[in-house]
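> requesting a structural model of the entry that follows:
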Amino acid sequence: MYSSRGNRAYLRRRQIKVVIPEKADQAAHRKKRGSRGGRPVSHDPDLYKQRNTAERCINRIKEWRGLAFRFDKTPDSYLAGLHLRGAVLCIRSL
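Okay, the predicted model is just below:
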């Protein structure tokens, strides 16, 4: 689970900003524990939007089966497929 205490502690140790918000059921459980539940988790909503945009872009690229399963044998042919998929997505967005 991305928003677990262990993952968040790991991010804090490495001084990485938390991007994923706390789930509602986790927040309710934390509040139910009172002062032992810890402080509320903060996250950066702007970074979360950017992360979402990047994930959607990657998923659009991986809709092309050849890129998703890495059928190409050489890095050059894989890169060519990546460029081709990028061009197709760019043309469709016009």
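
> where are the low-confidence patches of the protein?
1-3 (pLDDT under 70).

> do that again at 90, thanks
1-12, 16-49, 51-54, 57, 61-75, 77-78, 81, 93-94 (pLDDT under 90).

> quick one, domains of it?
Using automatic domain parsing, the domain ranges for the chain come out as 5-37, 57-92.

> just the buried residues of the longest one, please?
By that I understand domain 57-92. 61, 67, 81, 85 (16 or more other Cβ atoms under 10 Å). Every residue, glycine included, has its C-beta placed from N, CA and C.

> can you check the shortest one too?
Of the residues in domain 5-37, those buried under the neighbour-count criterion (16+ other Cβ under 10 Å) are 8, 18-20, 22, 26, 30.

> show me the two of those that sit farthest apart.
Greatest spacing in these, by Cβ to Cβ: Val19 and Arg30 (18.8 Å).

> tell me which of the domains of the chain sits nearest to Gln50.
It's domain 5-37; of those, that one is closest to Gln50 (Cβ to Cβ) at 8.4 Å.

> the closest one spans what distance, first to last residue?
One end of domain 5-37 sits 11 Å from the other (Cα to Cα, to the nearest Å).

> same list, the buried residues of domain 57-92, but as JSON lines with distance to Asp46 and secondary structure please.
What follows is those, written out as JSON lines (distance: Cβ to Cβ, whole Å; DSSP: H, G, I helix; E, B strand; the rest coil):
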{"residue": "Ile61", "distance to Asp46": "23", "secondary structure": "helix"}
{"residue": "Leu67", "distance to Asp46": "29", "secondary structure": "helix"}
{"residue": "Gly81", "distance to Asp46": "32", "secondary structure": "helix"}
{"residue": "Arg85", "distance to Asp46": "28", "secondary structure": "helix"}
